[in-house]
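Q: Give me a model of this one.
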Amino acid sequence: MTEFERPPSKTRRKRDAHDLQALGETLLGLKPERLRALNLAPDLYEALIEGQKMSSREALRRHKQFIGRLMRDIDAAEIRRQLGADRDAARRAALAFQQVEQWRDRLLESPAGLGEFMRAHPTADADALARLLGEAHTETAHGKPPRAARALFRALNAVITAANPA
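A: All right, here's what the predicted structure looks like:
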């Protein structure tokens, strides 16, 4: 260590310890199969599984501190990266779902919607979509459950997913 390098301050060490404990708390909220996919150290994995079973608040508080201590021995940046990728994938899935919903609503509200959709997605089966649209309008007019509207949603989802893979 040179004269210009200093060890981290006590404040910095405490902040880092709290960050690791918070990450450990996030991990406590994950399902066991997701924890296995993170390839955690065996002792950390077991501590997380054990912590998920605890019901005593005080015991859980102490156990979270223990998990934070175990977290010091692992690469927390890699875990954060993997959890960030999960959040990004969930966000993309939610946006895709919203896009499908918007198309379905547009198709059900406007006769011109099918033409717009076909211009945006020329590989879609226009006849099948038109049939589902007609069935959905008939169901709505007769007050029946929206079976065709759900089928339309699934068909639109299949077309949009095929056009925009991940």
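Q: roughly how far apart are the residue most central in space within the chain and residue 28?
A: Nearest to the mean C-alpha position of the chain, by CA atoms, centre = their mean, lies residue 90 at 2.6 Å. Applying CB to CB, to the nearest Å, the value for residue 90 to residue 28 is 19 Å. Where C-beta positions appear, they are placed from N, C-alpha and C, glycine not excepted.
Q: Residue 24 against residue 69, yeah?
A: No: with contact defined as CB atoms under 8 Å, residue 24 does not count as touching residue 69 (9.1 Å).
Q: So for those two, which sits in the more crowded spot?
A: Using other CB atoms under 10 Å as the criterion, residue 24 and residue 69 rank with residue 24 on top: 24 against 14.
Q: Distance check, that one against residue 8.
A: Residue 24 is 20 Å from residue 8, where distance means CB to CB.
Q: on that earlier part again, tell me which element the residue nearest to the centre of the chain falls in.
A: Using DSSP states H and E, residue 90 maps to helix 76-109.
Q: tell me the angle the helix or strand following that helix makes with helix 76-109.
A: Using DSSP H and E, the next helix or strand after helix 76-109 towards the C-terminus is helix 113-120. Orientation check (axes from the mean of the first three to the mean of the last three CA atoms, to 10 degrees): helix 113-120 against helix 76-109 gives 140 degrees.
Q: Pull the CA coordinates from the following helix or strand past helix 113-120 and hand them back as PDB.
A: On the C-terminal side of helix 113-120, the closest following helix or strand by DSSP H and E is helix 126-142. In PDB, the C-alpha atoms belonging to helix 126-142 read as follows (Å, rounded to 0.1, in the frame of the first residue of the first chain):
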ATOM      1  CA  ALA A 126     -55.600 -12.300 -41.900                       C
ATOM      2  CA  ASP A 127     -58.400 -14.800 -42.400                       C
ATOM      3  CA  ALA A 128     -58.000 -16.400 -39.000                       C
ATOM      4  CA  LEU A 129     -57.800 -13.000 -37.300                       C
ATOM      5  CA  ALA A 130     -60.900 -11.800 -39.200                       C
ATOM      6  CA  ARG A 131     -62.800 -14.900 -38.100                       C
ATOM      7  CA  LEU A 132     -61.800 -14.400 -34.500                       C
ATOM      8  CA  LEU A 133     -62.700 -10.800 -34.600                       C
ATOM      9  CA  GLY A 134     -66.100 -11.600 -35.900                       C
ATOM     10  CA  GLU A 135     -66.600 -14.200 -33.200                       C
ATOM     11  CA  ALA A 136     -65.500 -11.700 -30.600                       C
ATOM     12  CA  HIS A 137     -68.000  -9.100 -31.800                       C
ATOM     13  CA  THR A 138     -70.800 -11.700 -31.800                       C
ATOM     14  CA  GLU A 139     -69.900 -12.800 -28.300                       C
ATOM     15  CA  THR A 140     -69.900  -9.200 -27.100                       C
ATOM     16  CA  ALA A 141     -73.300  -8.500 -28.800                       C
ATOM     17  CA  HIS A 142     -74.900 -11.500 -27.200                       C
END
